[in-house]
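Novice: Generate coordinates for the sequence data below:
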Amino acid sequence: MTPHTSSADAVVIVGGGFGGLFSSLAVHRQLPDCPVVLIEPRKQFLFQPLLYELLSNELQEWEVAPRYSQLVSNKGICWLRDRVIGIDRLTHTLQTLSGDRIPWGQLVIATGSKPNDFGIPGVREHGSGFCNLSDVRYLRQLVQGFHRRRHPNAALAIVGAGSTGVELSCKLADLLEGKARIHLIEMGDSILPNSSAFNRERANAALERKDVIIHLNTSVTRVEANRVVLREDDAIAHQGLVWTAGNQPDFPCLQPPPSIIRGRLAVDGDLRLQGSTDIFAIGDTAITIDHPVPATAQVAMQQGEAVGEAIATLRIGEKPPMFQFNDRGEMLSLGIGDATLTGLGITMAGPLAFQLRRAAYLTRMPALSVGVRSAAAWLINR
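Specialist: Got it, this is the predicted structure:
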């Protein structure tokens, strides 16, 4: 952890996900003499779009989860391994779990989201998510257990057929090799409701090819240790359940209370908190009514870059520009060595799409040295 140095002139970033890390790097690049403090309790940054390849051992942990000490070293950024529990907008200070009170000149809130169980009984007790390294380790153990036990009616349930649920279903089907059936349960009438028609069609074909059983228009009423109960008391037996049905914003308490819309911090088009001149909120924690954008890593990365420019503009007394999202398309993993992608004039699926997807993510890694080492490892192991 970088030694803690903060001042009333510092730019403080709360949260070290895509939005927070890219913000800290962008601010340092735009204002190299300005103190920058990144507050994040985890010791490793997580490149979540590549968690599927970590699960299947197509990538190694150092490629997907580099340490913050590595990412911000020699960049003049102070990484404080702590959690923010309160923000005082009037005094320009924040409170951390360890008891520190930290002043700030500009503040960026980028604390992301957490799984949303929608109050459904049993989800927390009997279900796993797929958003961190612990989830990856749990699923690896689950797959190994299915291979050892060889139960004739073994089944794994995945709730939520958005991108996470679909990508995870495809990857797990390849890893299980028929040792357990996968049930993909979706409340809506189609998988990947926000995806392009091409990606949705390719994903449907992949799921069918891998014998994943899809349950559409199906609501979960409760989760038990060995079964998931659906509407009208129908149930599916399982030996493991993964909940990917949705997320909810996760941010510390702010005083005075800010404007909240659909559970997210309301921001103006320049990413500043409504009613504030020096607080920015980005990523899954924020919502802009006039210019809505999806809650994706791609958006958070671009917002992080935009915050660096916006703060630099503020510091010379000018008004920050409006944020403009540049949609670079969608890439989905559809199993080991397979993917589909659309965007920037490209529509492609199969092994080549898988290689292009990985190469594209390498270029977005927040530290070039990590990306270069990962690319070298990929070329050596091909």
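Novice: all contacts plus neighbour counts: C-alpha atoms, from now on.
Specialist: Fine.
Novice: Tell me where the model's unsure across this protein.
Specialist: Low-confidence segments of the chain (pLDDT under 70): 1-6, 344, 366-382.
Novice: How about the residue most central in space within the chain, nearest residue that isn't a chain neighbour?
Specialist: Geometric centre of the chain, nearest residue: Gln48, 5.2 Å, by Cα atoms, centre = their mean. Leaving aside its chain neighbours, Gln48 sits nearest to Cys131 (6.9 Å; criterion: Cα to Cα, 6 or more residues apart in numbering).
Novice: now swap in Ile214 and tell me
Specialist: In space, and not counting its chain neighbours, Ile214 is closest to Leu184: 4.8 Å by Cα to Cα, 6+ apart.
Novice: how many other residues sit next to that neighbour?
Specialist: 24 (other Cα atoms under 10 Å).
Novice: Same question for Ile39.
Specialist: Look at Ile39: counted by other Cα under 10 Å, it has 22 neighbours.
Novice: In the sheet, which residues pair with it? Tell me.
Specialist: With DSSP bridges as the criterion, Ile39 is bridged to Val14, Leu80.
Novice: How about Gln95?
Specialist: Under the criterion used here (DSSP bridges), Gln95 is bridged to Gly86, Arg101.
Novice: these two touch, right, it and Ile102?
Specialist: Yes - taking contacts as Cα atoms under 8 Å, Gln95 lies within contact range of Ile102: 6.5 Å.
Novice: Please determine how far the residue nearest to Ile214 is located from Arg222.
Specialist: Going from Leu184 to Arg222 by Cα to Cα, to the nearest Å gives 16 Å.
Novice: where along the stretch 201-350 of the chain do the helices fall?
Specialist: Residue ranges of the helices in the stretch 201-350 of the chain, as given by DSSP state H, counting those that start in this stretch, are 297-314.
Novice: ok, now the stretch 1-150 of the chain?
Specialist: Using DSSP H, counting those that start in this stretch, the helices of the stretch 1-150 of the chain run over 18-30, 51-55, 61-64, 68-72, 123-126, 133-149.
Novice: Of these, which stretch is the most buried?
Specialist: Ranked by average neighbour count under the criterion mean count of other Cα atoms under 10 Å, the helices of the stretch 1-150 of the chain are headed by helix 18-30 at a mean of 25.
Novice: So which residue of this protein lies furthest out from the middle?
Specialist: Quick read of the chain (Cα atoms, centre = their mean): farthest out is Pro152, 35.1 Å.
Novice: what helix or strand does it sit in?
Specialist: Under DSSP states H and E, no helix or strand contains Pro152.
Novice: Next, work out how far apart it and His215 are.
Specialist: Pro152 is 21 Å from His215, by Cα to Cα.
Novice: can you tell me how far the closest residue to Gln355 other than its chain neighbours sits from Ala349?
Specialist: Excluding its sequence neighbours, the residue lying closest to Gln355 (Cα to Cα, 6+ apart) is Gly337, at 7.8 Å. In this view, Gly337 and Ala349 are 11 Å apart by Cα to Cα.
Novice: Equivalent analysis for Leu230, please.
Specialist: Plainly put, Leu230 is 34 Å away from Ala349 if you go by Cα to Cα.
Novice: follow-up on the earlier one: for the residue nearest to Gln355, what are its contacts?
Specialist: Taking Cα atoms under 8 Å, 6 or more residues apart in numbering as the criterion, Gly337 is in contact with Gly350, Pro351, Phe354, Gln355.
Novice: Could you do Gly240 as well?
Specialist: Gly127, Leu142, Ala155, Leu156, Ala157, Asn226.
Novice: 7 Å instead?
Specialist: Contacts for Gly240 (Cα atoms under 7 Å, 6 or more residues apart in numbering) come out as Leu156, Ala157.
Novice: which stretches of the stretch 101-250 of the chain form strands?
Specialist: Along the stretch 101-250 of the chain, counting by DSSP state E, counting those that start in this stretch, strands occupy 101-103, 106-109, 113-115, 155-159, 181-185, 213-215, 220-223, 227-230, 235-237, 241-243, 247-249.
Novice: isn't Ala225 right next to His126, touching?
Specialist: Yes - taking Cα atoms under 7 Å as the contact criterion, Ala225 and His126 are neighbours in contact, 5.4 Å apart.
Novice: which of the contacts of Gly337 has the most neighbours?
Specialist: Highest neighbour count within these, by other Cα under 10 Å: Phe354, with 23 neighbours.
Novice: Run a quick neighbour tally on Val12.
Specialist: Using other Cα under 10 Å, Val12 has 30 neighbouring residues.
Novice: Spit out the contact partners of it.
Specialist: Val36, Val37, Leu38, Trp104, Gln106, Leu107, Val108.
Novice: Just the buried ones from those residues?
Specialist: Among those, those buried by neighbour count (16 or more other Cα atoms under 10 Å) are Val36, Val37, Leu38, Trp104, Gln106, Leu107, Val108.
Novice: buried set for stretch 304-313?
Specialist: Going by 16+ other Cα under 10 Å, stretch 304-313 has these buried residues: Gly304, Glu305, Ala306, Val307, Gly308, Glu309, Ala310, Ile311, Ala312.
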